[in-house]
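**Q** what would the 3D arrangement of this be:
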Amino acid sequence: MSLTLAQPVHSELVIRKSRFIGCVQAVPDRAAAQAVVAQLRAEHPGAAHVCWAFMAGGQSAANDDGEPGGTAGRPMLEVLRRQDLEGVLATVVRYFGGVKLGAGGLVRAYTDAVAQALLSAQKIPLQKMLVLRCAVPYAMEGMVRREIQHAGAELGEVTHGDAVEVAFSVGQDDAPALAARLNEAGQGALRWLE
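**A** Below is the predicted model of the structure:
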């Protein structure tokens, strides 16, 4: 089962006068990951490199940001893969200290910065979400909203027409129980939509 992170976690290493600031955090997609990297570049204008690795939605990417090829992004990506993480961005901001570390030293430094952050990160199971839609009479809208909230599902679009159509996201494992409760509470008046 894939895991993701509950909240961002930071680490900091100083190796031969170079400062490595690592961060691991959950991101939904590549666009969000690139926005975080752009923000880091803006926050650290004096940094020599902002290297990153990302895995989400079956996509992965790694960027060495000027470090010798394969010494930063790819090793960081391997750390994420070994931890079976999904929907996660790892970044390391490097302030150059004037001493070259060599390829092996760079690989160790970037790997260690990410691994150290992951040591204190809270990993949570990544659950596949289902989007369900139902239609109910106006009198039952409040009941449906309460059941959705009680189940920890996320309310989506609600449209009011001849009936109230409610869309919501729920974890795949929780969907059958929620659907059964809604069917029972709806007493035959609830209709499931495609």
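**Q** so who does the residue most central in space within the chain touch?
**A** Residue closest to the average C-alpha location in the chain (C-alpha atoms, centre = their mean): residue 26, at 2.7 Å. Residue 26 makes contact with 4, 5, 6, 7, 8, 87, 88, 89 under the criterion C-beta atoms under 8 Å, 6 or more residues apart in numbering. (Glycine included, C-beta is placed from N, CA and C.)
**Q** so how far does stretch 54-69 reach from one end to the other?
**A** 17 Å (C-alpha to C-alpha, to the nearest Å).
**Q** which of the contacts of residue 26 fall in strands?
**A** Among those, DSSP state E puts 4, 5, 88, 89 in strands.
**Q** contacting residues around the last one?
**A** Just to be clear, that refers to residue 89. Counting by C-beta under 8 Å, 6+ apart, residue 89 makes contact with 24, 25, 26, 27, 32, 33, 36, 37, 52, 53, 54, 56.
**Q** quick one: those residues as TSV, columns for secondary structure and pLDDT too.
**A** Putting the contacts of residue 89 into TSV (DSSP: H, G, I helix; E, B strand; the rest coil; pLDDT from 0 to 100) gives the following:
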residue	secondary structure	pLDDT
24	strand	95
25	strand	94
26	strand	91
27	coil	91
32	helix	90
33	helix	92
36	helix	94
37	helix	94
52	strand	96
53	strand	96
54	strand	94
56	strand	87
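**Q** so which of those wins on neighbours?
**A** Of all the contacts of residue 89, the highest neighbour tally under other C-beta atoms under 10 Å goes to residue 24, namely 30 neighbours.
**Q** what about that one, distance to residue 106?
**A** 19 Å (C-beta to C-beta, to the nearest Å).
**Q** do residue 88 as well
**A** Taking C-beta to C-beta, one finds residue 88 at 21 Å from residue 106.
**Q** with residue 128 instead?
**A** 37 Å.
**Q** who has more neighbours out of the two?
**A** Counting neighbours by other C-beta under 10 Å for residue 128 and for residue 106 shows that residue 106 has the greater number, 24 against 9.
**Q** and the more buried one, that one's in a helix?
**A** Yes. Residue 106: assigned to a helix according to DSSP: H, G, I helix; E, B strand; the rest coil.
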